[in-house]
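Student: Kindly generate the corresponding structure for this input.
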Amino acid sequence: MNKKNLAFVTGLSLLLGLVSLVGFKNTSVLPAKAEVIESKITVDPNNCWGGGSESYKVAAYIFDDNSHSDWTDLVTITAPNTYVELPFKIEFEARFIRLYRYNIDFSKENWEVDPTGEHYSDYGWTTTPVLNKVHDVEFENSNNLSVINIILENDNYGLNSVPNMVHQIYLPDESTWSSEEVYLTTVKENSLHHTEYSAEVELKEKDLIKLERYFDSVTETKITLDDSVSDTDLEYWDNGTNKGFDCKSKGLYILRLDYKDQTIEISKTPIPAPIPTPESKTYIYVAIIIASVTGVALVTGLVFILRKYKKNKIK
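Tutor: Predicted coordinates:
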């Protein structure tokens, strides 16, 4: 092998070796990062925790079965407010939530060193600053993944849940119903400082809404229709076992429930016209292009025939 060939082979070998090293570096396995879960816990005290007659502080302890845990921030609730919102950010798969309600005078500095309120004498208190402790509410709820909402049943017991309805739709032959659950997962504080739950549902004529959990004491006198809804749009019914609405006019209906007062407010907006899909636009464009090409071809052919005819006529 001459020197030129030897140099070429050596250079090629070095290049291949360098590529192999770079490839090895890029394909190395790095440790996976823990998934960050960022959301919020909302608490509906209902008529518990003083019912808005007193101010207090709240925090939540989030934990699993494997020694992973974290705290939300300490939040102050000032009377007559009752709705509680606790943002959190964790890097483990949580199982349970434990709520702590504290004396309004419990300082953040003391809370940071004693969030469970067990060592109150260390900072000069004669009794624990913890007013109520809500034990171990399940973190996960398949019906409500975006907001972990806790409804208090009493001062020390709560459920991770939201109100729900059943939307029933006649099947095409109108022989039976198709049903789907509708959960009121939009949770916020309303103008009365109560927790409000709402959901938007598209209803067509003859659809039916059956009110389910947490609508126990709602009666027709506690239902308000705003100016966008007429008496002929929805018809309330109560058969003694179930209650709800029959839809008489299609639209997007928004139902807002104040669970503490057991009142419902309903509004309505027209159903927007369907937006053309990209596929239908493509067909239109293709049709225009084909028509244009066909038109040009026909004109060109016609001109060619006329020219040929004129030339033959002159001869």
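Student: all contacts plus neighbour counts: C-alpha atoms, from now on.
Tutor: OK.
Student: could you pull out the helices for this protein?
Tutor: Secondary structure of the chain (DSSP state H): helices located at 3-26, 108-113, 278-314.
Student: count of neighbours near residue 108?
Tutor: 14 (other CA atoms under 10 Å).
Student: Residues in contact with stretch 224-236: which ones?
Tutor: 220, 243-250, 263-269 (CA atoms under 8 Å, 6 or more residues apart in numbering).
Student: Okay, and the beta partners of the residue nearest to residue 206 when sequence neighbours are not counted?
Tutor: Nearest residue to residue 206, sequence neighbours excluded (CA to CA, 6 or more residues apart in numbering): residue 247, at 5.4 Å. Applying DSSP bridges to residue 247 gives these bridge partners: residue 234.
Student: Can you give me the separation between residue 247 and residue 233?
Tutor: 6 Å (CA to CA, to the nearest Å).
Student: who has more neighbours, the two?
Tutor: The neighbour count for residue 247 versus residue 233, taken as other CA under 10 Å, is higher for residue 247 (20 against 17).
Student: wait, doesn't that one sit right on residue 210?
Tutor: No: in this structure, residue 247 is not within contact of residue 210 by CA atoms under 8 Å, at 11.2 Å.
Student: Can you pull the poorly scored residue ranges out of the chain?
Tutor: The model of the chain has pLDDT under 70 over residues 1-34, 141-147, 173-174, 273-274, 276-315.
Student: Next up, phi/psi of residue 53, please.
Tutor: Backbone geometry at residue 53, expressed as degrees, to the nearest 10, gives phi -90, psi -10.
Student: For residue 208, list each beta-bridge partner.
Tutor: residue 168, residue 246.
Student: residues in contact with it?
Tutor: Here residue 208 is in contact with 167, 168, 169, 244, 245, 246, 247 (criterion: CA under 8 Å, 6+ apart).
Student: Grab the nearest non-local neighbour of the first one.
Tutor: It stands for residue 167. residue 209 is the one closest to residue 167 (CA to CA, 6+ apart), at 4.8 Å.
Student: ok, the one you found - how many residues close by?
Tutor: 24.
Student: residue contacts, it?
Tutor: Neighbouring residues of residue 209 by CA under 8 Å, 6+ apart: 165, 166, 167, 168, 244, 245, 246, 247.
Student: could I have stretch 70-83 exported to PDB, CA atoms only?
Tutor: In PDB, the C-alpha atoms belonging to stretch 70-83 read as follows (Å, rounded to 0.1, in the frame of the first residue of the first chain):
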ATOM      1  CA  ASP A  70     -44.700  18.300  51.200                       C
ATOM      2  CA  TRP A  71     -46.700  21.300  52.500                       C
ATOM      3  CA  THR A  72     -48.700  23.900  50.700                       C
ATOM      4  CA  ASP A  73     -48.200  27.500  51.700                       C
ATOM      5  CA  LEU A  74     -50.000  28.900  54.700                       C
ATOM      6  CA  VAL A  75     -53.000  30.900  53.500                       C
ATOM      7  CA  THR A  76     -55.100  33.400  55.400                       C
ATOM      8  CA  ILE A  77     -58.900  33.400  55.100                       C
ATOM      9  CA  THR A  78     -60.500  36.600  56.300                       C
ATOM     10  CA  ALA A  79     -64.200  36.700  57.300                       C
ATOM     11  CA  PRO A  80     -66.700  36.700  55.700                       C
ATOM     12  CA  ASN A  81     -64.700  34.700  53.100                       C
ATOM     13  CA  THR A  82     -65.000  30.900  53.300                       C
ATOM     14  CA  TYR A  83     -63.500  29.600  50.000                       C
END
